[in-house]
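# Here is a sequence with its predicted model. Questions after.
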Amino acid sequence: MTADNQNQAWKQFALWAVSSSVALFLAFMVGIYLIDPYDTGRSPFSREPNLRGQKEVNATASVGRNRKYEAAVIGNSTIALIMPSRLTAQTGIPFVQLAVPGTQIPEQLAIINWFMKHHDGNAKALVIGISRDTWCASDPTQLGNSSFPLWRFSTSKVEYLTGLISTSSLEQAGRRLGLVPSSKADSAADGYWDYDPLYAKLLADAPRRRELLFKRRSDQDVLGEPSFPGIRVLSEKLASLPADLSVVLTVPPVFTAKQPRPGTPRHRAEQACRQRLVDLASARPNTALVDWWDDRPELKKIDAFIDQIHYRHSVARAMEQDIVAALLDIRERAGSLTHR
């Protein structure tokens with residue numbers, strides 16, 4: 001074989017290799033898009049949302065688009081223990097739990113947008129967990145520490161398709177097709193999952209847990225910027241929602257040692273942010289504030305908390321009663337206005 005023939009053969013091989021790679025990649029993308037690993041509803045073969053049994057964010061897009069749920073609990077892990085089934089039973093509104101650990105403001109707004117997009121005309125209520133360390137202290141453009149898949153909730157097809165290119169998407173596609181064993185069923189059909197088992201090791205280590213619970217931060221530290229840009233962003237988001245949508249802003253409690261001492265810079269900053277929330281809830285129709293900000297006797301009990309921000313079931317059940325009361329009060333006030 002002459003040198004020219006060899007060069008031609010190599011060129012043909014290279015062209016075949018590139019063409020084959022492109023064809024395989026395109027086939028992969030088409031296949032993964034049609035399978036819709038995370039059940040986002042984008043595939044033409046999508047039917048009723050059916051993804052469950054996977055803890056936290058893997059099922060969020062699926063349960064969040066399910067129109068049989070007319071209300072949602074949204075936030076990070078500090079609101080995750082609120083049981084949607086209990087809210088449903090006491091209000092008659094079908095609730096879903098969409099809290100995702102480690103999320104900051106951008107991710108929580110993305111989940112609100114996703115839920116509202118897929119519930120146009122039938123959304124009745126939102127319960128939004130307002131962690132003081134997030135909404136009062138964080139830059140509203142700052143992402144959380146976890147690798148939250150914003151692309152999964154994006155309105156951009158390019159961003160969504162780019163995000164699909166991963167081994168985790170391929171593995172998840174295998175689960176949907178039954179080729180890969182499903183992960184342990186940690187979440188219910190309504191998105192609820194119990195974080196207590198995740199802290200089993202800490203709960204068994206009483207000295208370490210007590211050390212974490214009673215560790216105090218400096219009361220000279222203040223929460224973020226004095227203008228609280230996170231609350232401004234929240235206000236803008238609430239203003240964009242339908243006026244008849246019931247919204248319950250819920251401030252989760254913290255363990256007593258995390259509370260600042262009265263009169264200190266941190267106490268004044270926290271109370272200023274709290275007042276912004278009070279004003280926001282007062283200004284928007286059909287809005288209430290469930291305020292577990294200040295210290296309470298039940299928040300001093302070691303058994304009520306895992307760490308300073310993660311409370312246990314007894315506290316969650318009490319919070320649920322306050323959320324239910326707020327929702328029923330909003331409904332009653334709206335009804336009285338309608339009949340005037």
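Okay, I see it.
# what residues are up against the nearest residue to residue 80 once chain neighbours are set aside?
Nearest non-adjacent residue to residue 80, counting by C-beta to C-beta, 6 or more residues apart in numbering: residue 99, 4.0 Å away. Backbone N, C-alpha and C define where each C-beta goes, glycine included. By C-beta atoms under 8 Å, 6 or more residues apart in numbering, residue 99 lies in contact with 73, 74, 75, 76, 77, 79, 80, 82, 129.
# Could you give the number of residues near the last one?
Applying other C-beta atoms under 10 Å, we find 25 residues neighbouring residue 129.
# how much space is there between it and residue 46?
29 Å (C-beta to C-beta, to the nearest Å).
# is it true that residue 61 touches residue 39?
Yes: Residue 61 is within contact range of residue 39, at 6.5 Å (criterion: C-beta atoms under 8 Å).
# Can you pull the residues that touch both of the two?
Common contacts of residue 61 and residue 39 (C-beta under 8 Å, 6+ apart): residue 51.
# what's the pLDDT at the closest residue in space to residue 187 that isn't next to it in sequence?
Distances taken as C-beta to C-beta, 6+ apart put residue 193 closest to residue 187, at 4.2 Å, once the chain neighbours are dropped. pLDDT, residue 193: 89.
# Can you tell me the SS state at residue 193?
Under DSSP: H, G, I helix; E, B strand; the rest coil, the three-state class of residue 193 is coil.
# least trustworthy helix or strand in this structure by mean pLDDT?
helix 3-35 (a mean of 67; mean pLDDT, DSSP states H and E).
# just checking, what packs against whichever helix or strand comes after that helix?
Where DSSP states H and E defines the elements, the next helix or strand beyond helix 3-35 is helix 60-64. The contact analysis (3 or more C-beta pairs under 8 Å, 6 or more residues apart in numbering; DSSP states H and E) places helix 60-64 against helix 105-117.
# Give the buried residues for the helix it packs on.
By neighbour count on 16 or more other C-beta atoms under 10 Å, the buried set for helix 105-117 is 105, 106, 107, 108, 109, 110, 111, 112, 114, 115, 116.
# And the helices in the stretch 201-340 of the chain?
206-214, 229-240, 265-283, 313-338 (DSSP state H, counting those that start in this stretch).
# Would you mind checking which of the ones you listed scores lowest on average pLDDT?
When the helices of the stretch 201-340 of the chain are compared by mean pLDDT, helix 313-338 comes last with a mean of 90.
# Can you check what angle separates that helix from helix 265-283?
Going by axes from the mean of the first three to the mean of the last three C-alpha atoms, to 10 degrees, helix 313-338 is angled at 30 degrees with respect to helix 265-283.
# Figure out how far helix 313-338 is from the centre of its chain.
Centroid separation for helix 313-338 versus its chain: 21 Å, with C-alpha atoms, centre = their mean, to the nearest Å.
# helices or strands next to that helix in the packing?
helix 84-91, strand 246-251, strand 287-291.
# hang on, isn't residue 208 packed against residue 202?
Yes: with contacts defined as C-beta under 8 Å, residue 208 counts as touching residue 202 at a distance of 6.6 Å.
# Look at these two and report which has more neighbours.
Taking neighbours as other C-beta under 10 Å, residue 208 and residue 202 compare with residue 202 leading, 14 against 11.
# Name the nearest residue to that one, ignoring sequence neighbours.
Excluding its sequence neighbours, the residue lying closest to residue 202 (C-beta to C-beta, 6+ apart) is residue 209, at 5.4 Å.
# what about that neighbour, how many neighbours?
Residue 209: 18 surrounding residues under other C-beta under 10 Å.
# roughly how far apart are it and residue 196?
13 Å.
# which residues do those two both contact?
With C-beta under 8 Å, 6+ apart as the test, residue 209 and residue 196 both reach 203, 306.
# Confirm for me that residue 105 is in contact with residue 135.
Yes: here residue 105 reaches residue 135: they are 6.7 Å apart, a contact under C-beta under 8 Å.
# Touching both of the two, which residues are there?
230, 234.
# for the helices and strands packed on helix 313-338, which one ends up most surrounded?
strand 246-251 (a mean of 24; mean count of other C-beta atoms under 10 Å).
# Provide a list of residues in contact with residue 310.
By C-beta under 8 Å, 6+ apart, residue 310 lies in contact with 77, 78, 195, 199.
# Kindly tell me how buried the third one is, as a neighbour count.
This points to residue 195. Residue 195: 17 surrounding residues under other C-beta under 10 Å.
# now the first one
Residues near residue 77, counting by other C-beta under 10 Å, number 19.
# picking that back up, can you tell me how far the residue nearest to residue 187 sits from residue 294?
For residue 193 relative to residue 294 (C-beta to C-beta), the value is 29 Å.
# who has more neighbours, those two?
Taking other C-beta under 10 Å, residue 193 and residue 294 do not tie; residue 193 has more neighbours (20 against 13).
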